[in-house]
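*Asks:* sequence and predicted model, in that order:
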Amino acid sequence: MPLPLHELASSDAPNSIVRLTESGIEIFPQTAAPAEVKTSLIPTRSLLPGEQYRFHFNMTKCIGCRSCEVACNEQNGNPADLRWRRIGEIEGGAYPNTARHYLSMGCNHCLSADCVKGCPVDAYTKDPVTGIVLHSTDACIGCQYCVWNCPYSVPQFNPERGVVGKCDMCHGRLTDGLEPACVNACPENAIEIEIIDQLEWRSDYAAANAPGMPSAGHTISTTRITLPDQAGATPLERVDIETLRPEHPHWSLVWMTSLIQLSAGSLLVAILSHRAGPIALALLLGLTAFTLNISVLHLGRPAYAWRALKMWRRSWLSREVLLFGLFFAALTVLTIATWLAMMHLLPLAAPIVFVLRILAPALGIAGILASAYIYLVPARPGWNMLHTPADFLLSAAVLGSAAVPLLSLSTLALHTLLQPHGTPMPFPLFPLWPLAGSCGLWGLNQIVRVIRLSRSELYEHRAAASLLNRDDLRGTFLVSFAFIGSAVLLSLAGLPLLALPAALAGVLAARYLFFVSVVPLNMALTFVRSVHA
């Protein structure tokens with residue numbers, strides 16, 4: 001049985017309006033046409049050269065009904081907790097003069113999109129005809145680097161499919177002359193598609209800025225936002241400003257970055273201290289091979305990891321893969337040449353070993369720097385600091401200095417194995433100052449970083465410091481220092497073989513905090529939100 005209101009709406013004369021009032025259902029004659037009638041929410045003409053489509057969101061019309069969210073998910077077949085268009089809330093004023101408004105944001109199809117520049121597999125393209133930023137799920141390997149790069153957190157990872165996805169302005173519908181799903185579903189016509197001249201917008205994109213949104217200047221967002229009249233008089237703030245939660249720990253990256261720094265740092269320290277024997281090099285080669293294999297576990301589609309080499313001219317992620325691949329190759333040749341030189345089987349082994357003793361650690365350090373530059377993205381302010389490359393290099397120094405006694409012991413074991421009845425080889429002592437100095441600098445870098453975060457004027461910096469001070473993370477922060485300090489004390493107490501496990505535990509704890517404590521730039525969200533929102 002149809003509801004009375006629906007029945008009247010479908011049966012009454014078209015010039016009447018049916019409304020449910022306090023007195024019940026009433027019919028009002030529509031005697032006058034509205035002041036403005038929108039016949040189409042998409043452009044009616046074709047694009048000219050230098051133009052592109054963009055969203056226009058009218059904050060004065062949005063009622064926060066989330067019809068656009070639902071329509072977007074239905075159109076694209078996304079699960080409920082993964083939304084390419086999201087509703088956020090902003091509020092301001094003091095009781096009783098308060099105001100609350102809603103934001104509805106999809107992809108901003110920026111003129112200088114960081115997702116396009118950072119992708120290592122060229123899965124993003126800015127359509128030359130429409131200006132829409134398109135994403136290819138076929139090319140995507142699920143590295144999620146675009147998620148880190150976008151200041152609006154527009155790209156979202158779908159763990160079931162192993163790829164990232166995002167709003168494409170319903171490209172297929174739009175080019176067929178149909179409204180995008182979100183535009184079509186909005187009952188208040190708060191979302192529409194417009195045409196802009198790209199050069200004009202680059203010179204003045206102030207209309208893309210709004211309370212609860214990162215600055216449009218990061219990537220030159222093209223979305224035009226109509227603000228309420230009182231927005232300037234009443235400062236508006238996002239309602240989720242104090243809703244902080246740790247980010248994903250990315251455990252495979254915690255282990256990969258720490259172990260590759262252990263490998264590269266140990267190789268450099270071993271060569272400088274003349275302890276890079278064949279057994280030591282073989283151990284470092286095995287560690288590097290293991291590390292490079294676990295690094296692909298971060299990807300949604302590990303079988304396509306080789307594609308990450310594609311954009312080495314532009315993407316730091318591609319450069320990291322390339323440099324660590326070359327590091328592994330150089331270390332492999334160095335290990336083989338060292339073994340052949342020891343057995344006198346290669347006449348030219350000595351010059352080859354000499355060159356590779358310079359090249360291999362240089363490639364390792366270059367790979368560590370490229371790895372650090374991956375995280376120097378404006379959309380992650382807590383990472384985008386000089387403390388990040390300093391942390392990566394100092395961690396390599398700490399782990400390398402702590403690993404040298406084990407490498408020395410391996411050389412001693414090889415000598416004993418090859419000459420069981422020969423003159424015993426004395427245990428090569430390693431000075432304490434490299435480990436103590438690197439641990440001290442490592443701790444100083446961590447402390448200064450936290451102080452700078454807590455005193456920063458940038459909200460995301462202060463929020464990252466607040467996360468580190470949470471009950472569930474504060475203990476881990478202190479434990480990381482305890483382990484690093486223990487590495488020095490164990491070496492001082494004559495137990496250098498235990499220093500490496502302690503140093504590695506401290507670096508792993510700090511690296512875990514590095515990932516979970518970062519607070520990304522993002523649009524305003526609702527007070528209660530899911531992980532993928």
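*Replies:* Done, it's in. Numbering: from 1, shown residues only.
*Asks:* ok, which stretches of the stretch 101-250 of the chain are strands?
*Replies:* Assigned by DSSP state E, counting those that start in this stretch, the stretch 101-250 of the chain shows strands spanning 124-126, 133-135, 156-158, 163-165, 191-197, 224-226, 236-238.
*Asks:* tabulate those (TSV), appending mean pLDDT.
*Replies:* What follows is those, written out as TSV (pLDDT from 0 to 100):
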stretch	mean pLDDT
strand 124-126	95
strand 133-135	97
strand 156-158	94
strand 163-165	96
strand 191-197	96
strand 224-226	96
strand 236-238	85
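*Asks:* among those, which comes closest to S456?
*Replies:* Closest of the strands of the stretch 101-250 of the chain to S456 is strand 236-238, at 17.9 Å (criterion: CB to CB). Where you see a C-beta, it was placed from the backbone N, CA and C, and this is true even at glycine.
*Asks:* let's have the strands of the stretch 101-250 of the chain in CSV, adding mean neighbour count and distance to H250.
*Replies:* Formatted as CSV, the strands of the stretch 101-250 of the chain follow (neighbours: other CB atoms under 10 Å; distance: least, CB to CB, whole Å):
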stretch, mean neighbour count, distance to H250
strand 124-126, 18, 21
strand 133-135, 22, 21
strand 156-158, 19, 11
strand 163-165, 22, 15
strand 191-197, 19, 34
strand 224-226, 19, 33
strand 236-238, 19, 26
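*Asks:* CSV for the ones you listed, including distance to N58?
*Replies:* Listed next are the strands of the stretch 101-250 of the chain as CSV, based on distance: least, CB to CB, whole Å:
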stretch, distance to N58
strand 124-126, 25
strand 133-135, 22
strand 156-158, 25
strand 163-165, 26
strand 191-197, 8
strand 224-226, 4
strand 236-238, 16
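*Asks:* quick one: the helices in the stretch 251-400 of the chain, in order.
*Replies:* Here the stretch 251-400 of the chain has its helices, by DSSP state H, counting those that start in this stretch, at 251-272, 278-295, 316-342, 349-374, 387-418.
*Asks:* wait, doesn't A341 sit right on A350?
*Replies:* Yes. In this structure, A341 is within contact of A350 by CB atoms under 8 Å, at 6.2 Å.
*Asks:* neighbour count for those two, which is higher?
*Replies:* A341 (17 against 11; other CB atoms under 10 Å).
*Asks:* list the contacts of that one.
*Replies:* By CB atoms under 8 Å, 6 or more residues apart in numbering, the residues touching A341 are 349-350, 353.
*Asks:* over to A396?
*Replies:* Here A396 is in contact with 261-262, 264-265, 268, 365, 368 (CB under 8 Å, 6+ apart).
*Asks:* got a markdown table for those, with distance to L299 too?
*Replies:* Formatted as a markdown table, those follow (distance: CB to CB, whole Å):
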| residue | distance to L299 |
| --- | --- |
| Q261 | 20 |
| L262 | 22 |
| A264 | 22 |
| G265 | 25 |
| L268 | 28 |
| I365 | 25 |
| I368 | 20 |
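*Asks:* show me which of those is closest to E179.
*Replies:* Of those, the one sitting nearest to E179 (CB to CB) turns out to be I368, at 49.3 Å.
*Asks:* may I have the phi/psi pair for F55?
*Replies:* With angles defined as degrees, to the nearest 10, F55 sits at phi -80, psi 150.
*Asks:* neighbours around the nearest residue to it once chain neighbours are set aside, how many?
*Replies:* Distances taken as CB to CB, 6 or more residues apart in numbering place T223 nearest to F55, at 4.6 Å, with adjacent residues excluded. Burial measure for T223: 24 neighbouring residues, criterion other CB under 10 Å.
*Asks:* T223 touches H56, doesn't it?
*Replies:* Yes. With contact defined as CB under 8 Å, T223 reaches H56; the gap is 7.4 Å.
*Asks:* so for stretch 246-258, mean pLDDT?
*Replies:* Here stretch 246-258 scores 95 as its mean pLDDT.
*Asks:* give me the buried positions along it.
*Replies:* Neighbour counts over stretch 246-258 (16 or more other CB atoms under 10 Å) mark 246-247, 250, 253-258 as buried.
*Asks:* any residues touching that stretch, and which ones?
*Replies:* By CB under 8 Å, 6+ apart, stretch 246-258 touches 291, 294-295, 297-298, 371, 392, 395, 399, 467, 470, 472-473, 504, 507-508, 511-512, 515-520.
*Asks:* ok, back up a step: out of the strands of the stretch 101-250 of the chain, which comes closest to G172?
*Replies:* strand 133-135 (10.8 Å).
*Asks:* and the contacts of that closest one?
*Replies:* For strand 133-135, contacts defined as CB under 8 Å, 6+ apart pick out 107, 109-110, 113, 115-116, 123-127, 155, 164-166, 168, 171.
*Asks:* buried ones among those residues?
*Replies:* 107, 109-110, 113, 115-116, 123-124, 126-127, 155, 164-166, 168, 171.
*Asks:* and L346, what pLDDT?
*Replies:* Confidence score, pLDDT, at L346: 71.
*Asks:* pull up the gap between the spatially most central residue of the chain and V70, please.
*Replies:* Residue closest to the mean C-alpha point of the chain, counted by CA atoms, centre = their mean, is W148 at 2.2 Å. Per CB to CB, to the nearest Å, W148 is found 28 Å from V70.
*Asks:* now M213. Its backbone dihedrals?
*Replies:* phi -120, psi 140.
*Asks:* show me what contacts it?
*Replies:* 103, 105, 152, 225, 523-524.
*Asks:* so which of those is the most crowded?
*Replies:* Neighbour max across the contacts of M213 (other CB under 10 Å) = M105, 28 neighbours.
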